[in-house]
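**Student:** Next input, structure requested:
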Amino acid sequence: MKTNTKSESVFVTAPASARVAGGFGAVADTITAEQSLRRCVLTNLLWEDNFYESGVSIAAEIARLVPLVPAATVRDIAIEARSLQKLRHVPLFLAREMARLATHRHEVATTLAQVIQRPDELTEFLAIYWKDNKNAPLSNQVKKGLATAFTKFNEYSLGKYNQDKDVKLRDVLFLCHAKPLNKEQEAVWKKLIDGTLATPDTWEVELSASKDKKASWERLLSEKRLQVLAFIRNLRNMTEAGVDKNLVRNYFLTVNPERALPFNFLSAAEHAPAYTAQIEELMFRCLASYPKLKGKTVFIVDVSGSMQAGLSDRGTMTRLGAAAALAALMREVCEQPVIYATAGSDHLRKHATREVGASRGFALMEAIKKELHALGGGGIFLCQATKFVENLEKDAARLLVLSDSQDCDYEANPNKAATFGTYNYLFDVAAHTKGVGYKKFVHIDGWSEHVIDYIYAYEQLGFQGQG
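**Tutor:** Below you'll find the model as predicted:
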């Protein structure tokens, strides 16, 4: 989420008295303020830009909780969110809320110095700081934290993020009165003030200035200047430019995949089918770096007729495509994955559920999709399906149901569906809103490419099925 833009953006808040609610409108079990704050921050792994929990803005809930948690703990949560969970906006928002409080502001400088890891986060913080009051003066702690953070950045990074926004990098420099570490940095800051920073030597700049796209792409590949996201997102462009395919295939062997998100690979395979095998292997290398979810993980994937509907009017992915993709990706980070598909007969009001074969990757996605008609194509019967699987997988550590929640069992309320194992998740991939409810299932409305990080972090924090 960007608050620092050319025109004013919206950062939604809600009454400070709002509290975290559980799924289906029920109030969640009582947990401590620190646990609540950690969970609120954690949910932003899924949707940092726009997250609601039972109609309550996550921003308002965080603002409500910060005063209830010791300053040093809030500081640690913010640093953890930025360093371990790779969140950018939420740690800055935590620092802003700390700066409002006499009991917390002494930790603001330390927090800002550590959570600001890119130059544009300097300006983003000030945009958040002034969101409610554009005339609010900067406290000494804020100035100190910004000044310390400013010294981290060299001419290349400052030039890359020196953008024409409402708050500019030179504004931050003037306001925080940062002191350069040496003469070289002093000269760079003078260039920033004068508007004479060197144009960053990035692949985007080179390519935009080139008339021979094929030669430019091949030079960038030969010089190994493309990181993984730039590489896989431009495979189609390279193909259209006629880049040597052997050069592209060899690049797959050397590029570091760890900065890509799993869904980036699925998108790349869709747009550059000639490199499907290489993309899949790179995806496996990426997922191999993730920590494993311990024990047996059981997936139940809804393959009912309603799962053929599209996720939105703007894209081609179906609900079933999203569910199959989530299952295929998460299978790779599970110690013992077992995958079932379920549908049934609307006429007989009976489920049909069976295990999908031991394939993986894109083949597993296709195998799941093929179960659509093989299992009847009727609606999902959640209670029947979970009871059936529970009898087969009593030693499961966690259950993940991937569905659009269009239950067709008129006699059994979905709330009565069996849960087993320590953790039980239900992902509603069709949801038009985004939220997390903690009740019988950890019920996640919407889906996100960060879901692997979310589940791992959720379990590491020690939350159980009902939160």
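
**Student:** Send me stretch 207-227 as PDB with only the CA atoms.
**Tutor:** What follows is stretch 207-227, C-alpha atoms only, in PDB (Å, rounded to 0.1, in the frame of the first residue of the first chain):
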ATOM      1  CA  LEU A 207      16.200  -1.500 -22.300                       C
ATOM      2  CA  SER A 208      14.000   1.600 -22.700                       C
ATOM      3  CA  ALA A 209      16.800   3.400 -24.400                       C
ATOM      4  CA  SER A 210      17.600   0.600 -26.800                       C
ATOM      5  CA  LYS A 211      16.300   0.200 -30.300                       C
ATOM      6  CA  ASP A 212      17.500  -3.400 -30.600                       C
ATOM      7  CA  LYS A 213      15.500  -5.200 -27.900                       C
ATOM      8  CA  LYS A 214      16.900  -8.700 -28.900                       C
ATOM      9  CA  ALA A 215      20.500  -7.500 -28.500                       C
ATOM     10  CA  SER A 216      19.700  -5.700 -25.200                       C
ATOM     11  CA  TRP A 217      18.000  -8.700 -23.700                       C
ATOM     12  CA  GLU A 218      20.800 -11.000 -24.700                       C
ATOM     13  CA  ARG A 219      23.400  -8.600 -23.300                       C
ATOM     14  CA  LEU A 220      21.500  -8.400 -20.000                       C
ATOM     15  CA  LEU A 221      21.400 -12.200 -19.800                       C
ATOM     16  CA  SER A 222      25.100 -12.600 -20.700                       C
ATOM     17  CA  GLU A 223      26.000 -10.100 -18.000                       C
ATOM     18  CA  LYS A 224      23.600 -11.700 -15.500                       C
ATOM     19  CA  ARG A 225      22.000  -8.400 -14.700                       C
ATOM     20  CA  LEU A 226      18.400  -9.700 -14.300                       C
ATOM     21  CA  GLN A 227      17.200 -10.800 -10.900                       C
END
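
**Student:** so where's the stretch 201-350 of the chain uncertain?
**Tutor:** 312-315 (pLDDT under 70).

**Student:** repeat that for 50
**Tutor:** Along the stretch 201-350 of the chain, no part satisfies pLDDT under 50.

**Student:** Would you mind listing the buried residues in stretch 386-395?
**Tutor:** Neighbour-count burial for stretch 386-395, with 16 or more other C-beta atoms under 10 Å as criterion, is recorded at Thr386, Lys387, Phe388, Val389, Glu390, Glu393. All C-beta spots, glycine's among them, are computed from the backbone N, C-alpha and C.

**Student:** close enough to count as contact, the fifth one and Phe420?
**Tutor:** Going back to what we said before, that points to Glu390. Yes: under the criterion of C-beta atoms under 8 Å, Glu390 makes contact with Phe420 at 4.8 Å.

**Student:** picking up where we left off before, farthest-apart pair in the buried residues of stretch 386-395, please.
**Tutor:** Lys387 and Glu393 (11.4 Å; C-beta to C-beta).

**Student:** What strand or helix carries Arg354?
**Tutor:** In this structure, Arg354 sits in strand 350-355 according to DSSP states H and E.

**Student:** after that strand comes which helix or strand?
**Tutor:** helix 361-374.

**Student:** That next one - what's its average pLDDT?
**Tutor:** In this model, helix 361-374 carries a mean pLDDT of 93.

**Student:** What's the end-to-end length of stretch 221-229?
**Tutor:** Taking C-alpha to C-alpha, to the nearest Å as the measure, stretch 221-229 stretches 13 Å from start to finish.

**Student:** How about it, which residues are buried there?
**Tutor:** Leu221, Leu226, Val228.

**Student:** Surely Asp295 and Leu399 touch.
**Tutor:** I think there's a mix-up here, since residue 295 is Gly and not Asp. No: counting by C-beta under 8 Å, Gly295 stays clear of Leu399, with 11.4 Å between them.

**Student:** can you list residues touching both of those two?
**Tutor:** Counting by C-beta atoms under 8 Å, 6 or more residues apart in numbering, the contacts common to Gly295 and Leu399 are Gly421.

**Student:** re earlier: sort out which one of the buried residues of stretch 221-229 lies nearest Leu426 for me.
**Tutor:** Distances from Leu426 to the buried residues of stretch 221-229, taken by C-beta to C-beta, are shortest for Val228, at 31.9 Å.

**Student:** Give me the contacts around stretch 234-249.
**Tutor:** By C-beta under 8 Å, 6+ apart, the residues outside stretch 234-249 that reach it are 213-214, 217-218, 221-222, 226, 268, 271-272, 274-275, 278-279.

**Student:** Same question for stretch 128-140.
**Tutor:** Defining contact as C-beta under 8 Å, 6+ apart, one finds that stretch 128-140 is touched by 3, 11, 89, 92-93, 96, 99, 105, 108, 126, 142, 146, 167, 175-176.

**Student:** what two of these are the furthest from one another?
**Tutor:** Between any two of the contacts of stretch 128-140 (C-beta to C-beta), the greatest distance is 22.3 Å, for Phe11 and Cys176.

**Student:** Have a look at these two and say which one is more surrounded.
**Tutor:** Shown here are Phe11 and Cys176; by other C-beta atoms under 10 Å, Cys176 has more neighbours (21 against 16).

**Student:** Quick check: the more buried one touching Leu126?
**Tutor:** No: in this structure, Cys176 is not within contact of Leu126 by C-beta under 8 Å, at 9.3 Å.

**Student:** what do those two both touch?
**Tutor:** Joint contacts of Cys176 and Leu126 (C-beta under 8 Å, 6+ apart) are Leu138, Leu146.

**Student:** So which of the buried residues of stretch 386-395 sit within helices?
**Tutor:** The helices, defined by DSSP state H, take in Thr386, Lys387, Phe388, Val389, Glu390 from those.
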